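In: Quick one, structure for this:
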Amino acid sequence: MGGAVVDATVMVEARGLLFDMDGVLISSIGSVERSWLRWAQYYGLDVSQGLLIPHGRRAIDIVRMLRPEMDAEDGLRLIEKMEVEDMEDLKVLPGVARLLRALPPEQWAVVTSATLRLAESRLVHAGLPLPKNFITAESVVHGKPHPEPYQRGVELLGLRPEECIVVEDAPAGVGAGKQAGCRVLAVLTSHGAEELRGADWIVPSLADLQYTPGADGLLQLQFSPLGRK
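Out: Alright, predicted model coming up:
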């Protein structure tokens, strides 16, 4: 992890948690890579040198990036269909099921770049609880790294940004959370610590986080963040 060291255990408090989905709650990287490769081949893109898909961005924004001349909604419908049909190696990430089932449902939200159909399909397939509060690709005009998704998530919880902690795994999401005025906890599931250095704290995974209900509805989180030599 490029010289990262573990700092002393810290305790932080929040009134709301905003979770990214892919790379934070579940891993669907196999489906993503296979589906986008098939999508690119279907539309005749040259994939001989591979296909670099930016993690944490909305599919419609990726469609616009790869094929700016086409109808983005048509491209979105196809990639959504491909990803919904491919759940082969999807898995729940460490610590996630325990944490989500312990948290008060009204105090957390999923803020994802996936469409609602795809997000619900993946969470159901993974056996995770569907969130009471959901921000998906259709909920916003601007996707990550724009702060709008997390701004909307904060509003959905009825809180102020400083009362919320964003949990992210990608630089685009870390930047979006910080610009929204939230504190950000990053996990090392898809990117290295150097790429996530804008986060307030970094932990290997959510298995490294302990939740305790506090007084007056506060969520108390305890973990040992990674520091640097």
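
In: Please look at Arg117 and Glu83 and confirm they touch.
Out: No - here Arg117 does not reach Glu83: they are 9.5 Å apart, not a contact under CB atoms under 8 Å. From N, CA and C alone the C-beta is placed, and that goes for glycine too.

In: So which residues of this structure form helices?
Out: 29-42, 59-66, 72-85, 96-102, 116-126, 148-157, 171-179 (DSSP state H).

In: now the second one: how far from the chain's centre is it?
Out: In this view, helix 59-66 has its centroid 18 Å away from the chain centroid, taken as CA atoms, centre = their mean, to the nearest Å.

In: buried stuff in it?
Out: Across helix 59-66, burial judged by 16 or more other CB atoms under 10 Å covers Ala59, Ile60, Asp61, Ile62, Val63, Leu66.

In: returning to what we had before: ok, Arg117 and Glu83, which is more surrounded?
Out: Legend: neighbour count by other CB atoms under 10 Å for Arg117 and Glu83, higher for Glu83 (24 against 15).

In: Spell out which residues sit in contact with the more buried one, please.
Out: Residues near Glu83 by CB atoms under 8 Å, 6 or more residues apart in numbering: Ser28, Ser31, Val32, Ser35, Ala59, Leu118.

In: so what's the second one up against?
Out: It stands for Ser31. Ser31 sits next to Glu83, Asp86, Met87, Glu88, Asp89, Leu90 when contact means CB under 8 Å, 6+ apart.

In: Nearest residue to the first one in space, please, no chain neighbours.
Out: Right, the one you point to is Glu83. Ser35 (4.6 Å; CB to CB, 6 or more residues apart in numbering).

In: can you pull the pLDDT of that neighbour?
Out: In this model, Ser35 is scored at 94, pLDDT.

In: can I get the buried residues of helix 59-66 in CSV with distance to Ser113 and pLDDT?
Out: CSV is the format used below for those (distance: CB to CB, whole Å; pLDDT from 0 to 100):
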residue, distance to Ser113, pLDDT
Ala59, 7, 92
Ile60, 9, 94
Asp61, 8, 93
Ile62, 9, 93
Val63, 12, 95
Leu66, 15, 92
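
In: any idea which of those residues is closest to Ile165?
Out: Taking CB to CB as the measure, Ile165 lies nearest Asp61 of the buried residues of helix 59-66, at 25.2 Å.

In: How many residues are close by Met21?
Out: 23.

In: gap between it and Gly173?
Out: 10 Å (CB to CB, to the nearest Å).

In: how is this structure carved up into domains?
Out: The chain is divided into the following domains under automatic domain parsing: 4-28+90-228, 29-85.

In: burial count for Met82?
Out: So Met82, with other CB under 10 Å, has 19 neighbours.

In: can you check the one 5 residues further on too?
Out: Around Met87 sit 15 other residues, with neighbours defined as other CB under 10 Å.

In: From what I see, it and Arg122 are in contact.
Out: Yes - using CB under 8 Å, Met87 makes contact with Arg122 at a distance of 7.0 Å.

In: list the residues that contact both of these two?
Out: Ser28.

In: circling back to that earlier point, show me which of the domains of the chain has the highest average neighbour count.
Out: Greatest average neighbour count among the domains of the chain goes to domain 4-28+90-228 (a mean of 19), per mean count of other CB atoms under 10 Å.

In: and that domain, what's its mean pLDDT?
Out: The pLDDT scores in domain 4-28+90-228 average 95.

In: And stretch 150-163, end to end?
Out: Across stretch 150-163, the terminal residues are separated by 12 Å (CA to CA, to the nearest Å).

In: quick one: contacts of it?
Out: Contacts of stretch 150-163 (CB under 8 Å, 6+ apart): 14-16, 18, 106-109, 111, 133, 135, 139-140, 164, 166, 176-177, 179-183.
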